[in-house]
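**Student:** Provide a 3D model corresponding to the input given below.
(one chain, ligands or ions: 1)
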Amino acid sequence: MRKKIVAGNWKMNKTVPEGEELAGQVAAGVSSVPAGVKLIIAPPFTHLSCVRKAIAGSGIGLCAQNCADHEKGAYTGEVSAKMLSSVNVEYVILGHSERREYYGETHEKLVKKIELALEQGLSPIYCVGEKLEEREAGKHFEVVDSQIREVLFTLSPEQMSRVIVAYEPVWAIGTGKTATSSQAQEIHAHIRKTLAGKFGALAEEISILYGGSCKPSNAKELFACEDIDGGLIGGASLVADEFLAIARSF
Ligand code: PGA
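**Tutor:** Numbering: from 1, shown residues only. Next up is the predicted model:
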């Protein structure tokens with residue numbers, strides 16, 4: 001059975017006290033979420049230690065939004081995978097389209113980041129997804145395949161077994177436009193098939209999350225699809241009740 005996961009990507013939102021409050025509200029509501037659904041929250045780096053305390057004992061997983069592509073050294077402003085694991089971070093989002101687009105994250109850098117994260121015992125949440133013009137040109141399968149092949153195909157099966165994949169069509173992120181459940185299911189099934197081509201039966205065990213304007217009103221239909229194992233939630237993760245309502249959609 002694949003893990004069902006609902007992960008909240010706070011992006012660059014909330015001060016530390018606001019983040020502590022939000023994490024506390026999510027932790028307080030965890031008992032309303034069906035057993036077997038794993039909640040994860042990904043606050044900014046500055047919030048990690050405080051959020052860790054706010055969610056202690058709740059079973060919620062702690063996730064960072066990025067890590068460096070070097071182990072350590074003279075890389076001003078960067079945060080290493082080892083630093084994250086030293087504050088008990090368990091997951092890290094890598095390859096988010098905003099990082100690819102605004103911070104020049106190439107496949108080569110992402111391969112390094114994933115390797116370093118895995119070495120430190122972190123589980124990467126690796127994001128893939130096409131832009132609007134790529135979908136309109138019918139290239140979405142091709143784009144997602146290359147994001148998977150060039151990065152995830154460098155991993156061993158043991159490494160791959162610790163990766164979570166998130167499909168996030170760029171045109172649906174923060175736009176209020178969601179992929180229909182049939183569009184999402186179609187590409188999730190395709191991603192699983194691509195993974196199976198390299199990793200065989202392991203592909204059946206990999207959780208593939210949907211991201212892009214996922215909210216309480218559409219989560220139920222999306223999560224009911226066979227190959228959609230949960231969500232990576234941006235905007236709606238900033239309000240505890242909405243985030244928890246999404247997790248209750250299973
Ligand atoms: P959104 O963001 O839910 O605000 O569309 C999703 C994401 O970027 O992870």
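**Student:** ok, so what distance separates T46 from V87?
**Tutor:** Distance check for T46 against V87: by Cβ to Cβ, to the nearest Å, it reads 11 Å. From N, CA and C alone the C-beta is placed, and that goes for glycine too.
**Student:** Report the contact partners of the residue of the chain found nearest the ligand.
**Tutor:** Scanning the chain for the residue nearest the ligand gives G234, at 2.2 Å (criterion: Cβ to the nearest ligand atom). Residues in contact with G234, defined by Cβ atoms under 8 Å, 6 or more residues apart in numbering, are N9, K11, I173, G174, G211.
**Student:** Please determine how far it is located from L202.
**Tutor:** Between G234 and L202 the distance, using Cβ to Cβ, works out to 28 Å.
**Student:** K215 now?
**Tutor:** With distances taken as Cβ to Cβ, K215 is found 31 Å from L202.
**Student:** These two: who's more crowded?
**Tutor:** Here K215 and L202 are set side by side on neighbour count (other Cβ atoms under 10 Å), and the busier one is K215, at 19 against 14.
**Student:** where does this structure have its least confident helix or strand?
**Tutor:** Across the helices and strands of the chain, the lowest-confidence element by mean pLDDT, DSSP states H and E is helix 132-136, at a mean of 94.
**Student:** Toward the C-terminus from that helix, list the very next helix or strand.
**Tutor:** Using DSSP states H and E, the helix or strand that follows helix 132-136 in sequence is helix 140-149.
**Student:** Touching that next one from outside, list them.
**Tutor:** For helix 140-149, contacts defined as Cβ under 8 Å, 6+ apart pick out 95, 107, 128-131, 134, 165, 167, 169, 187, 190-191, 194-195, 198.
**Student:** 10 Å instead?
**Tutor:** Residues external to helix 140-149 that are found in contact with it (Cβ atoms under 10 Å, 6 or more residues apart in numbering): 95, 97, 100, 107, 110, 126-132, 134-135, 137, 139, 153, 165, 167, 169-170, 179, 183, 186-188, 190-191, 193-195, 197-198.
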